[in-house]
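Trainee: heads up, no residue letters with this:
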């Protein structure tokens, strides 16, 4: 398959399969925003709780889709998502974002999970990129401040997982029931990396356009009289450089080139030794993107061999049908061979990035093979959106959600947008 064919197919899936599902089936015209759940059987749960991650990812998705494709319906959905997120998820008293609200938008779980706050930065920044909206950028900078003030470890560096609503220590820091209760994780760091990359890119774009003239009213770090002050750029750039260094020195295993997943405060590896192949390949291209946005040639020369080594290590999870397995427990030998939707999308982008950057034809063939698997196995052509997964025998997973707390339009839409937008 050539690049133009893949690009055309992905734009078709984005416009006809993924985004219409969220516009027509998930928009809540009574309570505002978007419904919180459609289960694996296709049943809409009108009163389902609504997670910050789902809603931030919806905001990112429609903002990015509008920025790239210019469709007014996507802007309308992005505006809906932005207004709802600011009104219901941002904690106006203590800062940060609520973890969960109920179907009417009332706070249900007020813990501060920095993974979710990072996604809010990512989403609001993308909305600012797409529309020039200064309110969104102001909130993104305010949330950046929250992460730097309340999550950054001043002793051993890195970011903790969670606190209470008012930024106090919390006993259970887990992102989900599937995670270890460790104070630091690769997953939270990965999405802070992603968010800070997009924030820096947005600030650089606005500085170049000299268009950042919004007058802050929320106490953010943007002065009134300066478009994009050098102090703001320096703070964000410094934070992004720091997290890149954390990945190369602490989080990526120097011997295996896989990610270590959970850590103590002083960076001792904790919990089981698990190889998460989707996170490995996702990290490879997000880390590469970060150093490209930093525009530091010396740093890029140091990081690029790590990027290539991670992509090579992730091949351990590839199956003969082109799909990527979920993960493997190295301690017990147990392998989770389910083909999760998000793992496949990151596989396509990760190996497409290796092809684009280094001309590796095998990497392009890997991306194409995985895309064929997605088309034949994960896309629901009848009801819209994608199935959560298939098992090794090809059975569709109808137990996990079609849309929900963790099942969002972000991974699959981002894959499509990355292929559409990249200059191969």
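Mentor: Looks like it arrived, so ask away. Worth saying up front: this structure is predicted, and the values here are computed from it rather than measured.

Trainee: can we go C-alpha only for contacts and neighbour counts from here?
Mentor: Will do.

Trainee: And stretch 29-38, how far out from the chain middle?
Mentor: Here stretch 29-38 shows a centroid-to-chain-centroid distance of 21 Å under the convention CA atoms, centre = their mean, to the nearest Å.

Trainee: Could you work out the end-to-end span of it for me?
Mentor: 16 Å (CA to CA, to the nearest Å).

Trainee: Same check on stretch 9-17?
Mentor: Its first and final residues considered, stretch 9-17 spans 11 Å by CA to CA.

Trainee: pLDDT of it, averaged?
Mentor: Looking at stretch 9-17 alone, the average pLDDT works out to 98.

Trainee: Stretch 379-386 now?
Mentor: Per-residue pLDDT values across stretch 379-386 average out to 98.

Trainee: Pull out the buried residues from it.
Mentor: For stretch 379-386, a neighbour-count test (16 or more other CA atoms under 10 Å) marks 379, 384, 385, 386 as buried.

Trainee: Quick check: the two most widely separated of these?
Mentor: Taking CA to CA as the measure, the buried residues of stretch 379-386 reach their widest spread between 379 and 384, a distance of 7.5 Å.

Trainee: picking up where we left off before, just put the buried residues of stretch 379-386 in JSON lines and tack on secondary structure.
Mentor: Output for these, formatted as JSON lines (DSSP: H, G, I helix; E, B strand; the rest coil):
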{"residue": "379", "secondary structure": "strand"}
{"residue": "384", "secondary structure": "coil"}
{"residue": "385", "secondary structure": "coil"}
{"residue": "386", "secondary structure": "strand"}
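
Trainee: which residue ranges form the helices in the stretch 301-424 of the chain?
Mentor: 341-358, 361-377, 410-421 (DSSP state H, counting those that start in this stretch).

Trainee: What about residue 231, how many residues nearby?
Mentor: If you count neighbours by other CA atoms under 10 Å, residue 231 ends up with 12.

Trainee: show me where the stretch 51-200 of the chain has strands.
Mentor: For the stretch 51-200 of the chain, the strands identified by DSSP state E, counting those that start in this stretch occupy 100-101, 107-109, 112-113, 162-163, 184-185, in order along the chain.

Trainee: before we move on, the earlier item: tabulate the buried residues of stretch 379-386 (JSON lines), appending distance to residue 326.
Mentor: Shown next, in JSON lines, are those (distance: CA to CA, whole Å):
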{"residue": "379", "distance to residue 326": "18"}
{"residue": "384", "distance to residue 326": "23"}
{"residue": "385", "distance to residue 326": "20"}
{"residue": "386", "distance to residue 326": "17"}
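
Trainee: quick revisit: would you mind finding the most buried of the helices of the stretch 301-424 of the chain?
Mentor: Here the criterion is mean neighbour count by mean count of other CA atoms under 10 Å, and of those the winner is helix 341-358, at a mean of 24.

Trainee: any idea how far that one is from the chain center?
Mentor: Relative to the chain's own centre, helix 341-358 is displaced by 14 Å; criterion: CA atoms, centre = their mean.

Trainee: Next, the angle helix 410-421 makes with that helix.
Mentor: Comparing the axes of helix 341-358 and helix 410-421 via axes from the mean of the first three to the mean of the last three CA atoms, to 10 degrees yields an angle of 30 degrees.

Trainee: Give me the helices and strands touching helix 341-358, please.
Mentor: Under the contact criterion of 3 or more CA pairs under 8 Å, 6 or more residues apart in numbering; DSSP states H and E, the helices and strands touching helix 341-358 comprise helix 277-294, helix 297-314, helix 361-377, helix 410-421.

Trainee: out of the ones you listed, nearest to residue 37?
Mentor: helix 410-421 (15.2 Å).

Trainee: quick check: angle from the closest one to helix 361-377?
Mentor: Our comparison of helix 410-421 with helix 361-377, counting by the same axes, to 10 degrees, yields an angle of 130 degrees.
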